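Novice: Okay, here's the prediction I keep looking at, along with the sequence it came from:
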Amino acid sequence: LFPTKTDITNVYRPTQDLNGRWVYASPAVQLPPAYEWCYDKLECEYDPEHWYTLPGSSCSGTRQSPLDISSKDAVVNTLLDEFHFQNFDHKNAINYAINTGHTVKYMLKEDMVEVWGGGLGHVYSVLQFHFHWASDAADSLGSEHLYNSKRFPMEMHIVTKRKDLTLDEAVMTGNGLAVLGFFMEEETSQPSNTEAWKLLTGYLSTMAKFSAEVSIDDLLGDVDRGMYYRYNGSLTTPSCNEAVVWTVFKYPIKVEKSLMQMFPTKMEYHNVYRPVQDFHSRTIYTSAAAASNLPTFLVLLLLSSSHVLSE
Ligand SMILES: *[C@@H]1O[C@H](CO)[C@@H](O)[C@H](O)[C@H]1NC(C)=O
């Protein structure tokens with residue numbers, strides 16, 4: 001009746017340019033992941049080169065992650081002692097798996113799993129762990145950090161928060177978060193952690209409440225956790241908060257290739273890793289153990305010869 005009775009039509013102004021403004025939504029609005037960012041500029045406007053233009057972004061800061069870790073430039077720091085991993089052996093600590101739109105994230109039950117020591121200076125609660133990868137190709141390399149300019153097939157990030165801070169406080173604090181990064185590499189002879197990774201990857205398509213009995217220790221297997229690199233960095237996804245004390249372990253977790261291939265195959269995301277960032281005069285420190293570069297065969301030789309001599 002409005003147009004008919006008044007004889008006036010099209011009484012609305014055309015939409016205007018945003019001119020850099022943002023439209024916000026209340027949390028109850030179910031949006032596709034708020035401000036769409038992505039890893040590939042063919043998929044969206046906000047690829048890693050443009051993450052810094054997102055609202056509230058720190059992505060162009062001076063302590064960004066990931067980095068290319070050079071073993072010869074790392075400085076030995078004797079304060080980087082052994083970690084204490086509390087409840088890493090708990091088989092019911094994983095709560096559920098979620099598809100974040102960019103990766104798969106396994107959420108842990110609150111205040112159950114903790115880590116301290118390792119030069120961290122605080123107790124940190126494990127919140128979640130998630131993964132970075134490239135594709136299901138046989139030679140796929142998709143880790144975020146590099147080690148001596150080498151990229152690994154995948155990377156696992158165990159994200160922890162200072163226990164004495166709320167999450168909101170932690171993301172605004174220079175050491176509010178601590179992430180434990182593990183490279184992942186293919187193992188051809190069946191590694192002992194295979195059953196755990198089978199159970200974990202079983203949740204990639206369902207995204208359900210986690211009911212399998214898998215501990216973080218089960219997933220890490222027998223990887224050496226005494227040798228690691230430490231630096232001050234950031235989250236590797238927007239808003240790239242510069243709140244992360246990074247630990248990158250020297251030795252990769254060994255996982256069967258077919259199980260690593262499940263991540264790109266089931267999740268259908270590819271190349272979910274951020275390019276390496278500038279150092280901006282930061283130093284990477286290393287635990288004393290990681291600095292010794294004596295090849296294993298030499299150690300074995302020395303050990304066996306001293307054994308012979310002592311007999
Ligand atoms: C990180 O930054 C803090 C505060 O500036 C500093 O005390 C600490 O030594 C830094 N740690 C590393 C690993 O660079």
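Specialist: Sure, I can see it.
Novice: which bits of the stretch 151-300 of the chain sit near the ligand?
Specialist: If contacts are counted using CB under 6 Å from any ligand atom, the residues of the stretch 151-300 of the chain sitting beside the ligand are G174, R230, Y231, N232, T283, Y285. Where C-beta positions appear, they are placed from N, C-alpha and C, glycine not excepted.
Novice: Contacts only, for the fourth one.
Specialist: In this structure, N232 makes contact with R63, G174, N175, E242, V244, V245, W246, R282, judged by CB atoms under 8 Å, 6 or more residues apart in numbering.
Novice: Can you list phi and psi of it for me?
Specialist: With angles defined as degrees, to the nearest 10, N232 sits at phi -90, psi 120.
Novice: ok, what's across the strand from the residue in the chain positioned nearest to the ligand?
Specialist: Per CB to the nearest ligand atom, the residue of the chain with the smallest distance to the ligand is N232, at 3.7 Å. In this entry, N232 is beta-bridged to V245, by DSSP bridges.
Novice: Now list the buried members of the contacts of N232.
Specialist: Among the contacts of N232, those that count as buried by neighbour count (16 or more other CB atoms under 10 Å) are R63, N175, E242, V244, V245, W246.
Novice: which residues of the stretch 151-300 of the chain fall in helices?
Specialist: 167-170, 194-201, 216-220, 257-260, 262-267, 288-291, 296-310 (DSSP state H, counting those that start in this stretch).
Novice: ok, of the ones you listed, where does mean pLDDT dip lowest?
Specialist: Lowest mean pLDDT within the helices of the stretch 151-300 of the chain: helix 296-310, at a mean of 51.
Novice: What number of residues are in the vicinity of the nearest residue to K254 once chain neighbours are set aside?
Specialist: Nearest residue to K254 in three dimensions, chain neighbours excluded: E187, at 3.5 Å (CB to CB, 6 or more residues apart in numbering). E187 has 19 neighbours, counted by other CB atoms under 10 Å.
Novice: E187 against E256, yeah?
Specialist: Yes: here E187 lies in contact with E256, judged by CB atoms under 8 Å, at a distance of 6.2 Å.
Novice: could you give the mean pLDDT of stretch 89-101?
Specialist: Mean pLDDT, stretch 89-101: 93.
Novice: Okay, buried residues for it please.
Specialist: For stretch 89-101, burial by neighbour count (16+ other CB under 10 Å) applies to H90, A93, I94, A97.
Novice: can you check stretch 257-264 too?
Specialist: Residues of stretch 257-264 classed as buried by neighbour count (16+ other CB under 10 Å): L259, M260, Q261, M262, F263, P264.
Novice: And stretch 115-125, by the same measure?
Specialist: Buried residues in stretch 115-125 (16+ other CB under 10 Å): V115, W116, G118, G119, L120, H122, Y124, S125.
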